[in-house]
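1. sequence and predicted structure below; questions after.
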Amino acid sequence: KKYKIAVIVGSLRKESFNLKTAKALMAIAPESLSLELLDIADLPMFNEDLEATPPKEWVAFRKQIIAADGLLFLTPEYNRSVPGVLKNAIDVGSRPYGQNSWDGKPAAIVSVSIGNISGFGANHHLRQSLVFVNVNTMAQPEAYIGGAAALFDDNGKLTDDSTKDFLKNFMGAFEKWVDTHAKQ
Ligand code: FNR
């Protein structure tokens, strides 16, 4: 069986270490997981006044979430929390009331930071929101990638072997998580 995994990256910059990590995960993902990057850059900021006539970007994003069997989040930490752009995507996907696109999806989180705390604050703030939108986030193994600036080469390729091994193992666990918890 092949599972469709929506990959959501909480950084919009071209040279993002989170994006580079997402690409590394796409390269090492197990056979049964088909990873697809979703674009959250152009989602208009959530505003309840727009709910009656939602922007087309919201509608398309919600459809992509609903079509996914699982979710893989990569998040930087901004001021000890998730970047606003990622929170906005979660809010957009959770509405309109009673039509939460995230409902019941299995997920995993990887936080990537240039610092030593490895995005712990963002990783856990993200878990808090995901609990409320009824996403089933894998508890273990956790993935905190710190010191990210030293892990990639000039072409953006992940070159650190121990990180590669760790992420391979992480994706193996996520494959089992998705297989157990995806809606049949
Ligand atoms: C940061 N950064 C940061 N890092 C961290 O470990 N904890 C933090 O609270 C913050 N806060 C923070 C706020 C803002 C506004 C910015 C722009 C940055 C640094 C951050 O980890 C670094 O910029 C990463 O490279 C961001 O991830 P991407 O863009 O490389 O994926």
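-> Now that the structure is in, tell me what you want to look at. Fair warning: this is a prediction, and the values are worked out from it, not measured in the lab.

2. so which residues on this structure come close to the ligand?
-> By CB under 6 Å from any ligand atom, the residues of the chain that approach the ligand are 11, 13, 16-18, 76-80, 112-115, 117, 119. Quick note: C-beta positions are derived from backbone N, CA and C, even for glycine.

3. which among those count as buried?
-> Ser11, Ser16, Phe17, Asn18, Pro76, Glu77, Tyr78, Val112, Ser113, Ile114, Gly119 (16 or more other CB atoms under 10 Å).

4. who touches the last one in this structure?
-> Contacts were defined as CB atoms under 8 Å, 6 or more residues apart in numbering; by that measure Gly119 touches Thr75, Pro76, Glu77, Ser111, Val112, Ser113, Tyr144, Ile145, Gly146.

5. picking up where we left off before, would a markdown table of the buried ones among the residues of the chain next to the ligand with distance to Lys87, pLDDT and secondary structure be doable?
-> Below are those laid out as a markdown table (distance: CB to CB, whole Å; pLDDT from 0 to 100; DSSP: H, G, I helix; E, B strand; the rest coil):
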| residue | distance to Lys87 | pLDDT | secondary structure |
| --- | --- | --- | --- |
| Ser11 | 13 | 98 | coil |
| Ser16 | 17 | 98 | coil |
| Phe17 | 19 | 98 | helix |
| Asn18 | 15 | 98 | helix |
| Pro76 | 12 | 98 | coil |
| Glu77 | 13 | 98 | coil |
| Tyr78 | 10 | 98 | strand |
| Val112 | 17 | 98 | strand |
| Ser113 | 17 | 98 | coil |
| Ile114 | 21 | 98 | coil |
| Gly119 | 15 | 98 | coil |
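
6. what ranges do the helices span in this structure?
-> 17-28, 56-67, 84-93, 120-132, 161-181 (DSSP state H).

7. any chance of CSV for the ones you listed, columns distance to Lys105?
-> Shown next, in CSV, are the helices of the chain (distance: least, CB to CB, whole Å):
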stretch, distance to Lys105
helix 17-28, 17
helix 56-67, 8
helix 84-93, 10
helix 120-132, 9
helix 161-181, 8
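
8. so where is the protein shaky, pLDDT-wise?
-> By pLDDT under 70, the chain contains no weakly predicted segment.
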